[in-house]
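K.L.:
quick check, what structure comes out for this input:
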Amino acid sequence: MKMVPSVITFLVLCALSINVSLAGKSGILGSWKVNASNVPVEFAKSTMVVTGSENAPSVRIIFKNGSVINASNVSFKGNDLRFSVFVEGTVVPFTGKVSGDKITGTVSTPEGAAGIEAERLTLTGSWTYRAPNAPWEYSNGKIVFGESNGKPIARIIVGGAEVPASSVAVTNGTSFSFSVPIEFESVGVTGSIEGDKITGNASSSQGVISFSATWD
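P.N.:
Numbers count the residues shown, from 1 in each chain. The predicted model follows:
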């Protein structure tokens with residue numbers, strides 16, 4: 001049962017996130033970035049993805065190693081949520097509350113109580129990208145999104161160099177477009193958050209190259 005607190009911690013988050021829309025705040029559909037302390041490193045970060053509809057949501061937790069746990073049997077009352085999950089032969093209950101785009105909760109396990117914190121996953125921050133079909137020197141690096149004077153900004157970090165983007169546009173904090181100069185050519189980049197990662201395309205005179213990115 002050593003793994004129960006870690007696993008349930010993230011499942012609690014699933015349930016808690018569902019409560020957002022029912023409380024009349026931010027919609028529940030989308031992705032949530034989960035951070036947990038005092039757990040094995042492989043469970044310290046994960047992504048919670050809520051799909052379906054707000055009245056009948058489907059929830060899953062995606063860990064950094066790619067493993068997935070599905071949630072079920074969720075019930076709501078006001079801002080409180082109750083949820084149970086069968087983990088390693090044990091049914092574990094948990095409850096929690098949602099406040100805006102943040103989630104806090106407590107789960108009870110045979111080893112004791114565990115707490116979690118989460119926030120809605122948006123583009124803001126650093127993402128590690130991989131583009132297998134790009135020239136090797138551009139095949140991996142980072143995309144960093146931020147804000148300056150109320151406007152979105154972005155930059156690419158590749159090969160130890162930072163290249164600022166121009167014409168940056170962000171929609172709903174989850175989809176984007178920008179241009180970046182690469183070898184005397186303006187490359188158009190578009191993408192959006194899908195589940196626990198960004199998927200997108202980079203377009204130039206040489207064609208279109210697909211890429212994916214995970215949050216750091």
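K.L.:
contacting residues for residue 196?
P.N.:
31, 46, 47, 49, 62, 121, 214, 215 (CB atoms under 8 Å, 6 or more residues apart in numbering). All C-beta spots, glycine's among them, are computed from the backbone N, C-alpha and C.
K.L.:
with residue 180 instead?
P.N.:
156, 163, 164, 165, 166, 186, 187, 189.
K.L.:
and the gap between it and residue 106?
P.N.:
44 Å (CB to CB, to the nearest Å).
K.L.:
one more: residue 198?
P.N.:
Distance from residue 198 to residue 106, by CB to CB: 31 Å.
K.L.:
quick one: the helices in the chain?
P.N.:
4-22 (DSSP state H).
K.L.:
domain-wise, how is the chain divided?
P.N.:
4-120, 125-215 (automatic domain parsing).
K.L.:
for the last one, how far is the first residue from the last?
P.N.:
From the first residue to the last, domain 125-215 extends over 8 Å; the measure is CA to CA, to the nearest Å.
K.L.:
what residues are up against residue 186?
P.N.:
So residue 186 contacts 179, 180, 204 (CB under 8 Å, 6+ apart).
K.L.:
correction: residue 168
P.N.:
Here residue 168 is in contact with 151, 152, 153, 154, 176, 177, 178 (criterion: CB under 8 Å, 6+ apart).
K.L.:
I'd like to know which helix or strand in the chain has the lowest mean pLDDT.
P.N.:
Every helix and strand of the chain was ranked by mean pLDDT, DSSP states H and E. The lowest is helix 4-22, at a mean of 40.
K.L.:
please convert the buried members of the contacts of residue 180 into PyMOL selection syntax.
P.N.:
Those of the contacts of residue 180 that count as buried under 16 or more other CB atoms under 10 Å are selected in PyMOL with:
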select buried, resi 156+165+187+189
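K.L.:
so of the contacts of residue 180, which ones are in strands?
P.N.:
156, 163, 164, 166, 186, 187, 189 (DSSP state E).
K.L.:
which strand residues bridge the third one?
P.N.:
This means residue 164. residue 155 (DSSP bridges).
K.L.:
distance check, it against residue 153.
P.N.:
8 Å.
K.L.:
with the fifth one instead?
P.N.:
The gap separating residue 186 from residue 153 is 17 Å, by CB to CB.
K.L.:
likewise the fourth one?
P.N.:
Residue 166 sits 10 Å away from residue 153, taking CB to CB as the criterion.
K.L.:
just residue 32 next, same as before
P.N.:
Distance from residue 32 to residue 153, by CB to CB: 24 Å.
K.L.:
these two - which one has more neighbours?
P.N.:
Counted by other CB atoms under 10 Å, residue 32 and residue 153 do not tie: residue 32 has more neighbours, with 25 against 16.
K.L.:
mind listing the residues bridging to the nearest residue to the more buried one once chain neighbours are set aside?
P.N.:
Nearest non-adjacent residue to residue 32, counting by CB to CB, 6 or more residues apart in numbering: residue 48, 4.2 Å away. Beta-bridge partners for residue 48, by DSSP bridges, are residue 32, residue 61.
K.L.:
thought residue 48 was touching residue 60?
P.N.:
Yes. Using CB atoms under 8 Å, residue 48 is in contact with residue 60, at 7.5 Å.
K.L.:
more neighbours, these two?
P.N.:
Counted by other CB under 10 Å, residue 48 and residue 60 do not tie: residue 48 has more neighbours, with 31 against 17.
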